[in-house]
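Asker: The sequence and its predicted three-dimensional model are supplied below.
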Amino acid sequence: MKGIAGWLIQRITGLILIAGLIVHFSVMHFSGPSQITFDVVIRRLSNPYWKVFDLCFLVTILFHGFNGLWGIALEYIRSVRLLKFSQTVIVAMVSLLLVTGIYIIAL
Amino acid sequence: MRYKLQTGSLAWLIHRITGIILTLYIFLHLYVLSHLKDPAQYVSLMSTMESPVVKLSEAGLLGLVIGHAFNGFRLTLIDVGVSTKLQKPLFWSALVIGAVLFIYGAVFIIGVAR
């Protein structure tokens, strides 16, 4: 995404990610080993509220991360063909991660 | 022409590098989580992740996340109109608060391994 929209959405998704990270980290990564056993994780994943949270978190982080990479590509890559190619690679990576993420959320 | 590296440009460089690493890290994170499809696979992967090398990497990863998040918050504040005169104090306070959080988190991550 180019120009003001890309810049603005990057800031907004960044702020959303900070809020999401606080929840994600405190629940998944700083709650001790008993909270990430197979049963506990699967039970959490089957909760619809967590599914919504995880899906939003996934989409937001993929957008923010790969929009960032795209911004870097726009800055350094001069050749139009190479830029097209990097766009294709970014779209492929986002699709792969989105499908994998949704597969995990749907477990 | 030599470019003098100051807090602003240093923050910009750190933001860029941590951003690239964190984005590519999503692959690893989702790969690990994809083991949830099979309980045995998940349990065995989780036990290999108890190794000190993994714990140290996780602490390092926390450092990247905190660095990127705090710097991103700092530059968003400046973008929405907080005076650029506060640029340096904001940089140093982000660094100090981030460092405290990082040490707390790293001690937790590495401590749990024992």
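Answerer: Structure received. In this text, all values refer to a predicted model and were calculated from it rather than measured experimentally. Residues are numbered from 1 along each chain as shown, chains lettered A, B, ... in the order given.

Asker: Please name the nearest non-neighbouring residue to the residue nearest the centre of chain A.
Answerer: The C-alpha lying nearest the average C-alpha coordinate of chain A belongs to A:Ile61 (Cα atoms, centre = their mean; 2.4 Å). Sequence neighbours aside, A:Leu17 is the residue nearest to A:Ile61 in space, at 6.0 Å (criterion: Cβ to Cβ, 6 or more residues apart in numbering or on different chains). For every residue, glycine as well, the C-beta is placed using N, CA and C.

Asker: Mind jotting down where the helices sit in the chain?
Answerer: Picking chain A for this. A:3-24, A:38-45, A:48-76, A:80-105 (DSSP state H).

Asker: Can you look at chain B instead?
Answerer: B:7-33, B:39-48, B:52-79, B:87-113.

Asker: which strands and helices sit next to the last one?
Answerer: In this case it means helix B:87-113. Judged by 3 or more Cβ pairs under 8 Å, 6 or more residues apart in numbering or on different chains; DSSP states H and E, helix B:87-113 is in contact with helix B:7-33, helix B:52-79.

Asker: Would you mind telling me which of these is nearest A:Leu74?
Answerer: A:Leu74 lies closest to helix B:7-33 among the helices and strands packed on helix B:87-113, at 13.0 Å (Cβ to Cβ).

Asker: From the contact counts, what lies against the closest one?
Answerer: helix A:48-76, helix A:80-105, helix B:52-79, helix B:87-113.

Asker: can I assume the residue nearest to A:Ile61 is in contact with B:Ala69?
Answerer: Yes: if you go by Cβ atoms under 8 Å, A:Leu17 and B:Ala69 touch, sitting 7.5 Å apart.

Asker: sorry, back to before: got TSV for the helices of chain A, with distance to B:Thr23 too?
Answerer: Formatted as TSV, those follow (distance: least, Cβ to Cβ, whole Å):
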stretch	distance to B:Thr23
helix A:3-24	12
helix A:38-45	23
helix A:48-76	3
helix A:80-105	9
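
Asker: and those, which is most packed in?
Answerer: Across those, averaging neighbours per residue (mean count of other Cβ atoms under 10 Å in any protein chain shown) puts helix A:48-76 on top, at a mean of 16.

Asker: so that one versus helix B:52-79, what angle?
Answerer: Between helix A:48-76 and helix B:52-79, the angle comes out at 70 degrees (axes from the mean of the first three to the mean of the last three Cα atoms, to 10 degrees).

Asker: tell me the mean pLDDT over helix A:48-76?
Answerer: The average of the pLDDT scores along helix A:48-76 is 95.

Asker: Now do that helix against helix A:38-45, angle only.
Answerer: Using the same axes, to 10 degrees: helix A:48-76 against helix A:38-45 is 80 degrees.

Asker: Does anything pack onto helix A:48-76? Which helices or strands?
Answerer: Counting by 3+ Cβ pairs under 8 Å, 6+ apart, helix A:48-76 packs on helix A:3-24, helix A:38-45, helix A:80-105, helix B:7-33.

Asker: among the helices and strands packed on helix B:7-33, which gets the worst mean confidence?
Answerer: Looking at the helices and strands packed on helix B:7-33, the bottom one is helix B:87-113 with a mean of 86.
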